[in-house]
Each structure stands twice: as structure tokens, then as C-alpha cells.
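only the shape, not the letters, is given here:
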């Protein structure tokens, strides 16, 4: 029975205990033998630590761990180098003292491992001394691996005073790397945010950033081919447990976990954390999203007055989302680097990327997170209302869906935080419906561009397409006329599904939906 490495990030443990391992060692060999200073950015729990550990095993000359893997046949010498492996994932208290303590502890461990004493309290001097003395003692250049270099910074990202102090301390720790070049064999650094954005490695102008290169897009994550080649047993067990075919399992897994793109032209990759959990539990759930605390994203949405209906499908040049998180002017960098949106398309003519939610796990998880802030603080009541609305639409019963929505909106207290600040805003009302309709997973779109304008909400189910136009204290007939005048429904008339035009009016006086009207055209 296949053993899945849930929570195991050490390459040697995975190989020695015979856990499932998807072979990425061809990338390890290539980078180790063609580059010297490498940086990789990926979202949390995407395999960065395992990759760093793989480099550790490779440079430690542990050939036995690579038996049957690509690197076994690519490497001929298997030299052993001294390796300094740092991880700053635990330095999250937001103080310089805590950061220094974490670094000093790891330096001390390395010094003891290699039998090199040092009583200095200066982490900068200790790193320089350790590298040079290792080189002198072992007559081999040193490998430095730094995992999650930015973890201390992300903790204090929006506290300018503490951010500045932490950044200065990190700069002093990393500053010797350039001068240590003659003593170094390889340097590999990982994080969530980009190095250039935080000016941490300003002196390392030769640091090779592979984060958005198509060649390394599948370095972390699992491709469709890797899924089908390595997970036969898990797919079969899921099919049996869910009582569906293997083909249907693959479709469900793809919708739920696939869709991450880290370059303009690259294969999609699955979230490895969620995929492994699904195989291990034999259930398809929201595993990756559940491990995060995206509450800070909600605060940033409010800070930037972000229209949440425009996040999915937003367009931007690389420098607008691959940008500094510490002084960003929109929500896109934070969403992209955190893994909540990804690259969906690229237009080489305008050099603009289309960004969006990668899959259902992320989209539905985000909507659940936003529910208390944009709809109602009573998440149980709001969740039930969402499902009542969704069931109505999935059943093709618009009246049932909007009756449920009307009853729910009418039940929200007058002083509710979700309505009191914007009771007359059509955009706020659209956002509320967008969050609620998004429980239909992949079916909901908002502010869809057409040749003559933007429709408010587009919903697609297996049997019908709903084109919705919203009015505040207006007329449903006016809403339907706008759908016709702007030709919102025309692109879907040959789809094969029933096209339903829906005009909805929201009353600011009664604070709920007061009227709606539908016109439908049956499928051909």
C-alpha cells in the first residue's frame, strides 16, 4: 500500500521510509551543475522545503537516496560538499531578537556538526567565519541552502517599523554571500515573495531568479502526466470510495487541485499538498486552503478598497503582480505570491497576464472566507442561504434561488457591517451575490466584458446559462433591456444550454431584492 508523505519535508526520510516521491531530481542536477546562485518563489506548502532538502542530499553525496531516480544516471562523481542548511520558517515572532536567536541556533548546530567552534554573537561574522573555515578544513567549496528566507518579514509585513528592523537584520546576515563567492559551490534560496522586492539581496546581483521561467514551472507541484504516472493506486481507491469511474476521479481532481501556472507558457500543476492529502484520505476536500489563515487578505482587501468581483480574470503586466508586497498599491501581488490567484493566460502583444483563481479549492475556500465580511457575520445562516440559492439555480429554478436570496438579505440586521457602509452601492450588492453564487464553484463569473460593456453576473450550470443584470432602486424591465441592448446573451445562444436572462432589482429602502424577471430561450 502506497505511503504518502503527509507533512514530511525531508528527502532522506521519504526515500529511506519508502514514501511516495514524484521525481524532480533532473531539475536538481541541472541547476546544481549550471547555476551557482538560484532563487525560487512559490506559495506555501508547495514543496519548497522538500526541494531544498533534496539539494542537501545531492550535495552531501548520498547517492543511495537517488536510486532509480533521474539524478542517479545523470551524476557520475557524487562529490560530497559541506552543506549549510538554514530555515527561517520558525522566526515568526516579529522581533530582531527572535530572528537572531533562530539564526544563531542553526549556526551553532552547523558549527558543532563540522567541529568548528565560534563564540561570537555577531551572526554576520559567524557565517563568514564558518564558510571560510569549512573551506580551509575540508578543501571543498561550501553549499548554502536558505529555505523560507522571507518568513520573518511576512510576519511584520504591514508594520513598517518592525519590518525595517527585520529587513536590516536579514540584510546583515546575507551580506557576506557576495564576498564569500570564492568559497561557495552553490547557493539556493526559497521564499514566497521575490528577493528583489525586499532589497534583501541587493548585493547579489548575480542571483538567478527561476520563479517565472517556463523551464522550471513544474519544479514544484505535480503535472497531469506525473499524476497519471505515479498515483494509479490512489486514483483507483478514490474511484472505489466515491463510487465513480477513474476518468471521473481525474476530472474531479483536475477541477479541485490543478490550474497553477508560474510562467507565461507552462503546463498547469496540481497543488501537491492537497493532492497527497486526497490520496491519503481517499476524499476530495479543501486541504491546502484549510491550513492557511487568509484573514489578513480580507484586511488588505478592505485597505485597498478592492472590488472582489474583478480579482478573478484581472489583467496585469508582470511588474504589477510580481511586485513588492511591502509597498504594494493593489492586492494582486499578495494574492499571487500567496497562491490564491495564478497565471491563466498571457498576451505577448500587450505583455499582459490574465490572473485568476487556479481551481475550485481556492475559489470556494476564498468565498467561504469572505462570506462573513461581505455577506453576513452569521456564517451558518449565510452558508445555508448560499446552498439554498445554489440548489435553486442547479435545479433550473430561478424563482426558488432568488426567493431564498430575498429572504436572506431581508434577515440581515440594519447595522450589519456588510451593509451599513455601502447600502446603496450596486458594486457592493454585486459582490454579495458574487460571494454567494460562488458556492456553485466553477460556474460563476462577474463583470464579464463584452463588445458593448460588462454584464454584472454570468452563471453557468450543466443545463443553463444565466445572464444577470442588477439594478439598485431601478426597474427589472430596464435591466432586461440592457441585456438585449448590449447583446450580453448573444455569445451563448449557440452553446446548447438554455439561456436565461435575469433582471434583478435591489431596494435600498427595504434592503433586499424586491423584484426580478426572467426571459429564457430554450436550447436548440
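Noted; the coordinates are in hand. All values derive from a computational prediction rather than experimental measurement. Residues are numbered from 1 along each chain as shown.

now the terminal residues of stretch 73-89, how far apart.
33 Å (CA to CA, to the nearest Å).

where does pLDDT dip in the protein?
Within the chain, the stretches with pLDDT under 70 are 194-203, 293-295, 323-327, 413-427, 439-453, 522-524.

ramachandran coordinates for the one residue sitting closest to the centre of it?
In the chain, the residue lying closest to the centroid (CA atoms, centre = their mean) is residue 339, at 1.2 Å. When read as degrees, to the nearest 10, the backbone of residue 339 gives phi 90, psi 10.

neighbours around the closest residue to it other than its chain neighbours, how many?
Nearest non-adjacent residue to residue 339, counting by CB to CB, 6 or more residues apart in numbering: residue 43, 2.7 Å away. Using the backbone N, CA and C atoms, a C-beta is placed for each residue, glycine as well. For residue 43, the number of neighbouring residues by other CB atoms under 10 Å comes to 23.

distance of residue 43 relative to residue 275?
Look at residue 43 and residue 275: by CB to CB, to the nearest Å, they are 14 Å apart.

what is the burial count for the nearest residue to residue 279 once chain neighbours are set aside?
Using CB to CB, 6+ apart and skipping the chain neighbours, the partner closest in space to residue 279 is residue 234 (3.4 Å). Neighbour count for residue 234, taken as other CB under 10 Å: 21.

and what of residue 514?
Neighbour tally, residue 514, other CB under 10 Å: 16.

so it sits against residue 503, correct?
No - Residue 514 lies out of contact with residue 503 (CB atoms under 8 Å); the separation is 12.0 Å.

dump the residue contacts of the residue nearest to the centre of the chain.
42, 43, 44, 46, 260, 271, 288, 358, 362 (CB atoms under 8 Å, 6 or more residues apart in numbering).

cool, residue 139 as well?
Residue 139 touches nothing, counting by CB under 8 Å, 6+ apart.

just grab the bridge partners of the nearest residue to residue 150 once chain neighbours are set aside for me.
Leaving aside its chain neighbours, residue 150 sits nearest to residue 191 (4.0 Å; criterion: CB to CB, 6+ apart). In this entry, residue 191 is beta-bridged to residue 41, by DSSP bridges.

residues contacting residue 191?
With CB under 8 Å, 6+ apart, residue 191 has these contacts: 39, 41, 48, 148, 149, 150, 151.

ok so, going back, helix, strand or coil: sort out the residue nearest to residue 279 for me.
With DSSP: H, G, I helix; E, B strand; the rest coil as the basis, residue 234 sits in helix.

how near is it to residue 277?
11 Å.

what do these two both touch?
Common neighbours of residue 234 and residue 277 (CB under 8 Å, 6+ apart) are residue 4.

the biggest helix by length in the chain - contacts with which helices or strands?
Using DSSP state H, we find that the single longest helix of the chain is helix 96-113. Under the contact criterion of 3 or more CB pairs under 8 Å, 6 or more residues apart in numbering; DSSP states H and E, helix 96-113 touches strand 83-87, helix 123-138, helix 160-174.

and the first one, which strands flank it?
As defined by DSSP bridges, the strand partners of strand 83-87 come to strand 142-147 (parallel).

which residues touch the longest helix of the chain?
Counting by CB under 8 Å, 6+ apart, 84-88, 90-92, 117-118, 121, 123, 126-127, 130, 152, 165-166, 169-170, 173 sit against helix 96-113.
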